[in-house]
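Engineer: For reference, the sequence and a predicted model appear below.
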Amino acid sequence: MLAKNEVAKIYETLLSIPGMNETVKIPLTITRKNVLLLCKVIERGLLVKENDEKSLSLPDIISKEVLKELQELPNELLGKAGLTEMNQKLQSL
């Protein structure tokens, strides 16, 4: 098994390949249920796991600018699906 710093270097290398910063348009048709679930998966994937030494989290390997873009993605998806208000109410529970 690779060490945490080795995995981080592999991801850094992959993310620095020419063309990786190009914008792509992805036509996507999914149910509102799956939009809501996808947003939760993205949000949880971006959480920092400070207590887990063996696990590599995304914030460990990506720049702050990319992290900010990824954090804004769920809000954009929820807005397009008309689920922003429902999501806010779910989070308040």
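Structural biologist: The structure has been received and is ready for your questions. Numbering: from 1, shown residues only.
Engineer: Enumerate every residue touching the residue nearest to the spatial centre of the chain.
Structural biologist: Geometric centre of the chain, nearest residue: Ile42, 4.1 Å, by Cα atoms, centre = their mean. Contact analysis of Ile42 by Cβ atoms under 8 Å, 6 or more residues apart in numbering lists 70, 73-74. Heads up, the C-betas are built off the backbone N, CA and C, glycines and all.
Engineer: out of the residues you listed, which is most surrounded?
Structural biologist: Pro74 (21 neighbours; other Cβ atoms under 10 Å).
Engineer: for it, phi and psi?
Structural biologist: Backbone torsions of Pro74, given as degrees, to the nearest 10, read phi -60, psi -40.
Engineer: Thought Val41 was touching it, still the case?
Structural biologist: No - the criterion here is Cβ atoms under 8 Å, and Pro74 misses it with Val41 at 9.1 Å.
Engineer: Helices of the chain, residue ranges please.
Structural biologist: Along the chain, counting by DSSP state H, helices occupy 4-15, 32-45, 64-81, 84-92.
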